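Asker: I'll drop the sequence and a predicted model, then ask my questions.
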Amino acid sequence: MKTPNTPQGNSSDESSAFGYETVSHSEKTRKVRGVFDSVALKYDLMNDLMSFGLHRWWKDYAIKILDVQPGHKVLDLASGTGDLARIINGLRKDDVSVVCNDINLSMLSLGRDKSLDNAAVKKISYAQASAECLPYQDDTFDRVVIGFGLRNVTDKINALNEIRRVLAPGGAVVILEFSKVKAPVLSVVHKFYTLKILPKLGALVANDSASYRYLGESIDLHPSQTELSYMIEDTGLKDVRCYNLLGGAVAVHVARALSR
């Protein structure tokens, strides 16, 4: 049995991709933290601009697929500014508790403040921790959701294994993430938008082209729908399904934890 707070072989000597740059694992973690420290104050505005507001619908859809039931304990992993937690809170299911977990304190703080401003405080708690080394016991959560955060994790395999570990038998995980556009012509347009337009938009709105260049590159390098499905299955999670949105530009993966 794995125990919480035990890294699973993530050596700082190993290399990892930070966008198109190859860096050590520890350097990627530091750089990603720096990216989100830099973009935090403009994060929600940029999400609206980059997705033309569609991210709100994608998140609503992911929570619908998550199928939260009364009494559930939910982990919102890489929670950012807490949009998914507030959607869950708005379902008004009895005795549902949500933990917003993010490695970045700036994002967590903004999420907490945003929840307070929207009076969405009922049974939402906050924890700063890496997705690769979660501070929770085995079988803690009935549901885990991660929205647009997996591609920023240094070691995705570790993070997926940790999700499996903290999910209770019968529990489910939903992963909402940018993915691969299926139609060849649209794929070219999508790649141009993420790699060329996003940095310019970041420079114009957030005065930070470098962070949005990384975000575009991280989208380009993220595993395809099929690759991610196999990665999820390798953790022991079952019944893996994938739903494509916007022609595959965004994908929702769902899987279940059966008895160990």
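Answerer: Here it is on my side, so go on.

Asker: the strands in this structure, which residues?
Answerer: 15-18, 21-24, 73-77, 97-102, 124-128, 141-147, 167-178, 238-245, 250-256 (DSSP state E).

Asker: In TSV, list the ones you listed along with distance to Y43.
Answerer: Where C-beta positions appear, they are placed from N, C-alpha and C, glycine not excepted. As requested, these are arranged in TSV below (distance: least, CB to CB, whole Å):
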stretch	distance to Y43
strand 15-18	19
strand 21-24	22
strand 73-77	15
strand 97-102	12
strand 124-128	16
strand 141-147	13
strand 167-178	15
strand 238-245	21
strand 250-256	17
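
Asker: okay, these in a markdown table with mean neighbour count, mean pLDDT and distance to D48 next?
Answerer: Converted to a markdown table, the strands of the chain look like this (neighbours: other CB atoms under 10 Å; pLDDT from 0 to 100; distance: least, CB to CB, whole Å):
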| stretch | mean neighbour count | mean pLDDT | distance to D48 |
| --- | --- | --- | --- |
| strand 15-18 | 17 | 80 | 26 |
| strand 21-24 | 14 | 80 | 28 |
| strand 73-77 | 26 | 98 | 20 |
| strand 97-102 | 24 | 95 | 20 |
| strand 124-128 | 16 | 93 | 22 |
| strand 141-147 | 26 | 98 | 15 |
| strand 167-178 | 21 | 97 | 16 |
| strand 238-245 | 14 | 97 | 17 |
| strand 250-256 | 22 | 97 | 15 |
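
Asker: This structure: helices as residue ranges?
Answerer: Assigned by DSSP state H, the chain shows helices spanning 25-39, 43-51, 54-66, 83-90, 105-117, 156-166, 184-192, 198-206, 209-221, 225-234.

Asker: Out of these, which gets nearest to L75?
Answerer: Among the helices of the chain, the nearest to L75 by CB to CB is helix 156-166 (6.6 Å).

Asker: Does T140 touch G171 like I think?
Answerer: No: if you go by CB atoms under 8 Å, T140 and G171 don't touch, sitting 9.3 Å apart.

Asker: contacting residues around the one residue sitting closest to the centre of the chain?
Answerer: In the chain, the centroid-proximal residue (CA atoms, centre = their mean) is G149; its distance is 2.4 Å. Counting by CB atoms under 8 Å, 6 or more residues apart in numbering, G149 touches L77, A78, S79, G80, D102, A131, E177.

Asker: Which two of the residues you listed have the greatest separation?
Answerer: Most distant of the contacts of G149, by CB to CB, are D102 and E177, 15.6 Å apart.

Asker: Okay, now the unreliable bits of the stretch 101-250 of the chain?
Answerer: In the predicted model of the stretch 101-250 of the chain, residues 117-122 satisfy pLDDT under 70.

Asker: State the distance from the closest residue to A127 other than its chain neighbours to A85.
Answerer: Distances taken as CB to CB, 6 or more residues apart in numbering put N101 closest to A127, at 4.8 Å, once the chain neighbours are dropped. Note on N101: its distance to A85, by CB to CB, to the nearest Å, is 10 Å.

Asker: joint contacts of the two?
Answerer: Common neighbours of N101 and A85 are listed as D76, S79 (criterion: CB under 8 Å, 6+ apart).

Asker: Next up, phi/psi of the residue lying closest to P70 once chain neighbours are set aside, please.
Answerer: Of all residues not flanking P70 in the chain, D94 sits nearest, at 4.3 Å (CB to CB, 6+ apart). The phi and psi values for D94, taken as degrees, to the nearest 10, are phi -60, psi 130.

Asker: And for D94, the neighbour number?
Answerer: Residues lying near D94 (other CB atoms under 10 Å) number 8.

Asker: That one touches V68, doesn't it?
Answerer: No: judged on CB under 8 Å, D94 makes no contact with V68 at a distance of 10.9 Å.

Asker: List the residues that contact the residue nearest to K114 when sequence neighbours are not counted.
Answerer: Nearest residue to K114, sequence neighbours excluded (CB to CB, 6+ apart): T81, at 5.6 Å. Contact analysis of T81 by CB under 8 Å, 6+ apart lists A40, Y43, D44, M107, L110, G111, K114.
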